[in-house]
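Sharing a model prediction with you, sequence too.
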Amino acid sequence: MTGSAPEPPGGDAGTLSAFDQLLLLVGRMNYSWTNTESLLIHLIAGLAGTSKQTAVIIYLTLNTTRARVDLVDRLAKSGAASGELRDRITGLTGRIRKHQSLRNHYSHSIYSFDAETGATRTITMRIADRKNALKMGRSDDVDAEALTRIRQTIEALKLLNHEIWTLVLEEGYPV
């Protein structure tokens, strides 16, 4: 059938289990995240005064979001941008950082769920070194509030994406 969407896992959209809703939301959040993070390429190109191709090489060489965001911040603060533009760019990168921890939490956790109750939990895949011990496997419930935070992050990333594109086009940075 042309134009029809596939049926979502677990039945129609009104009958998705909480776990299926979580998986769909995490997928949407990651999609929104990668789209927004990739716009840093255009900021790198514009601020560094280089081509988009060179900016892509720089972007791919820096293999973490933190390194990419730090580079954009440092370029903006280095005198490559006016005070107003610098503040605008560092405001955008600050908002990226704000949403990074939630995205990282759901992207770098494993999930467990109770087949009987449907309750879902995340288990953080991180080791924290303490003075005399290790702490690992922090577990958090995925409840309605958690799903709302993910939805809010998706909406915030959409807005960030739009604002970065607007800045890139206004400044004439390579696209």
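Arrived safely, thanks for sending.

Now the host helix or strand of N161: buried residues?
Following DSSP states H and E, one finds N161 within helix 144-171. Going by neighbour count (16 or more other CB atoms under 10 Å), the buried part of helix 144-171 is 146-147, 149-150, 153-154, 156-157, 160-161, 163-164, 167-168. Backbone N, C-alpha and C define where each C-beta goes, glycine included.

residue ranges of the strands in the protein, please?
For the chain, the strands defined by DSSP state E occupy 109-113, 120-124, 127-129, 134-136, 139-142.

Compile those strands into TSV and extend it with columns for mean neighbour count and distance to I96.
Formatted as TSV, those follow (neighbours: other CB atoms under 10 Å; distance: least, CB to CB, whole Å):
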stretch	mean neighbour count	distance to I96
strand 109-113	15	20
strand 120-124	18	21
strand 127-129	9	24
strand 134-136	11	27
strand 139-142	14	23
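
distance of the most centrally placed residue in the chain from Y106?
Centroid-nearest residue in the chain, with CA atoms, centre = their mean: W33, separated by 3.2 Å. W33 sits 10 Å away from Y106, going by CB to CB, to the nearest Å.

same thing with G137?
16 Å.

Looking at these two, which one has more neighbours?
Applying other CB atoms under 10 Å to G137 and Y106 shows that Y106 carries more neighbours, namely 21 against 12.

Can you give me the neighbour number for A81?
Around A81 there are 19 other residues, counting by other CB under 10 Å.

R95 too?
Using other CB under 10 Å, R95 is surrounded by 17 other residues.

Please name the nearest non-neighbouring residue to it.
L160 (5.7 Å; CB to CB, 6 or more residues apart in numbering).

Which residue ranges of this protein form helices?
Listed in chain order, the helices of the chain (DSSP state H) span 18-38, 40-48, 52-61, 65-75, 83-107, 144-171.

about what we covered before: next, the contact list for the residue nearest to R95, please.
Applying CB atoms under 8 Å, 6 or more residues apart in numbering to L160 gives the contacts 36, 92, 95-96, 99.

ok, these vs L25, which is closest?
H99 (13.7 Å; CB to CB).

hang on, the closest one packs against I154?
No. At 9.4 Å, H99 does not count as touching I154 under the criterion of CB atoms under 8 Å.

right, and the helices of the chain - which one's nearest G118?
helix 18-38 (5.5 Å).

Right, I'll call it a day here.
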